[in-house]
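Peer 1: Got a predicted structure plus its sequence, pasted below:
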Amino acid sequence: MAAKPPAAAKARKRAVVRVGAAKPVRARPKTITKIARSAQVGGATDVVRALVKLGGRQSAMLATRYFKAGSGESGQGDKFLGIKMPALRQFAKDLGDAGIDVALPLLKSGWHEARALALVLLVRAYEKGDPRLRELIYRQYLRHARYINNSDLVDASAPHIVGAWLADKPRERRSVLTRLAKSASLWERRIAILATYYDIRQGDASETLRLARLLLNDKEDLIHKAVGWMLREVGLRVGVDTEEAFLKQVYREMPRTMLRYAIERFSEPVRKRYLLGLA
């Protein structure tokens with residue numbers, strides 16, 4: 001077969017470039033740093049303008065499908081720029097001292113990645129902050145929970161802020177997490193169960209198991225997955241005996257997805273016994 005004319009190849013290459021945005025999605029660290037530093041002197045509006053420069057149309061379309069942002073789906077109406085989390089973390093690092101004053105306005109943005117960046121900044125500020133700042137971030141987080149409205153946003157922040165703040169406050173923890181777990185909001189319910197990931201990492205499964213029972217009959221698949229995931233982590237980090245003692249009480253009632261997530265790391269014979277109702 002004859003080689004294709006160079007002109008045609010160049011035209012094709014130009015067409016591929018036009019499909020995406022002006023900046024590549026996987027921008028080099030130096031590019032991210034340069035764009036982030038251009039936003040350092042401004043506020044949230046300048047940060048969003050800088051983020052737009054890092055966007056990619058094709059990745060934005062893929063993210064829209066992955067995060068179910070279509071009509072009638074769990075993430076309905078969410079808008080994506082097409083920036084992946086490693087780039088956002090690099091961007092946050094390059095913003096320097098940007099903290100809660102930048103993060104809270106970003107958290108109200110219509111762009112998913114701006115809200116993700118806001119949560120990266122809040123987690124970083126929480127980890128570096130004194131007790132007064134940590135309490136402020138925790139309370140503002142819950143106050144703005146309606147903007148933390150997709151699984152990746154919840155998962156990257158709830159354990160590090162809600163879970164961390166409540167860890168040494170057992171009475172408040174039980175009250176707040178119960179309220180969130182009974183919320184009409186899918187995302188607040190996910191915040192509740194994901195917040196207990198902090199406890200699991202400290203070797204405490206009590207709140208995870210209590211909330212798992214509360215959420216056992218939840219109708220949302222994203223809650224089934226979250227609860228199953230946390231139960232799996234109980235087995236891995238606290239002890240498989242603790243997980244199995246709980247599962248044997250409730251596994252016949254559990255939604256299939258929740259059960260599959262919970263037993264994912266079990267040996268094949270044990271998994272089969274659970275799935276067949278013979279455990």
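Peer 2: Alright, I've got the coordinates. Residues are numbered from 1 along each chain as shown.

Peer 1: Now do the contacts for the closest residue to E135 other than its chain neighbours.
Peer 2: Setting aside the residues directly before and after it, E135 is nearest to W165 in space (CB to CB, 6 or more residues apart in numbering), at 7.0 Å. The way it works is simple: take the backbone N, C-alpha and C, and place the C-beta from them, glycine included. Going by CB atoms under 8 Å, 6 or more residues apart in numbering, W165 touches R134, E135, Y138.

Peer 1: what about Q76, neighbour count?
Peer 2: By other CB atoms under 10 Å, the residues close to Q76 number 11.

Peer 1: So for it, what's the pLDDT?
Peer 2: On the pLDDT scale, Q76 is placed at 90.

Peer 1: sec struct for it, please.
Peer 2: coil (DSSP: H, G, I helix; E, B strand; the rest coil).

Peer 1: Test my guess that it contacts N149.
Peer 2: No - in this structure, Q76 is not within contact of N149 by CB atoms under 8 Å, at 9.7 Å.

Peer 1: Go through the contacts of W165 and give me the one with the most neighbours.
Peer 2: Counting neighbours by other CB under 10 Å, Y138 leads the contacts of W165 with 19 neighbours.

Peer 1: Pull out the buried residues from the helix or strand hosting it.
Peer 2: Using DSSP states H and E, Y138 maps to helix 131-143. By neighbour count with 16 or more other CB atoms under 10 Å, helix 131-143 contains the buried residues R134, I137, Y138, Q140, Y141, L142.

Peer 1: which one of those residues is nearest R124?
Peer 2: Nearest to R124 out of these is I137 (CB to CB; 10.2 Å).

Peer 1: Return the residues in contact with the closest one.
Peer 2: I100, L122, A125, Y126, G129, I161.

Peer 1: Helices of the stretch 51-200 of the chain, residue ranges please.
Peer 2: 57-66, 85-94, 100-107, 112-128, 131-143, 151-155, 158, 164-166, 170-181, 186-195, 197-201 (DSSP state H, counting those that start in this stretch).

Peer 1: quick one, which of the ones you listed is nearest to V227?
Peer 2: Proximity to V227 (CB to CB) singles out helix 186-195 among these, at 5.6 Å.

Peer 1: Give me the mean pLDDT for the closest one.
Peer 2: Model confidence over helix 186-195 averages 98 on the pLDDT scale.

Peer 1: Check stretch 84-98 too.
Peer 2: On average, stretch 84-98 scores 88.

Peer 1: hang on, L222 in a helix?
Peer 2: Yes - when three-state DSSP is applied, L222 is found to be in a helix.

Peer 1: And for it, the neighbour number?
Peer 2: 19.

Peer 1: Same check on L236?
Peer 2: Neighbourhood size, L236 [other CB under 10 Å]: 12.

Peer 1: for the residue lying closest to it once chain neighbours are set aside, phi and psi?
Peer 2: Excluding its sequence neighbours, the residue lying closest to L236 (CB to CB, 6+ apart) is R265, at 6.5 Å. For R265, the backbone dihedrals are phi -90, psi 0 (criterion: degrees, to the nearest 10).

Peer 1: quick revisit: do you know which of the helices of the stretch 51-200 of the chain lies nearest G43?
Peer 2: helix 100-107 (6.3 Å).

Peer 1: residue contacts, the residue lying closest to I83 once chain neighbours are set aside?
Peer 2: Nearest non-adjacent residue to I83, counting by CB to CB, 6+ apart: E113, 4.6 Å away. Contacts here follow CB under 8 Å, 6+ apart; on that basis E113 touches L51, G55, F80, L81, G82, I83, L88.

Peer 1: Check what pLDDT E113 gets.
Peer 2: At E113, the model reports a pLDDT of 96.

Peer 1: would CSV of the contacts of E113 with neighbour count and distance to L275 be doable?
Peer 2: Putting the contacts of E113 into CSV (neighbours: other CB atoms under 10 Å; distance: CB to CB, whole Å) gives the following:
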residue, neighbour count, distance to L275
L51, 24, 44
G55, 21, 43
F80, 24, 36
L81, 23, 41
G82, 23, 38
I83, 30, 39
L88, 23, 38
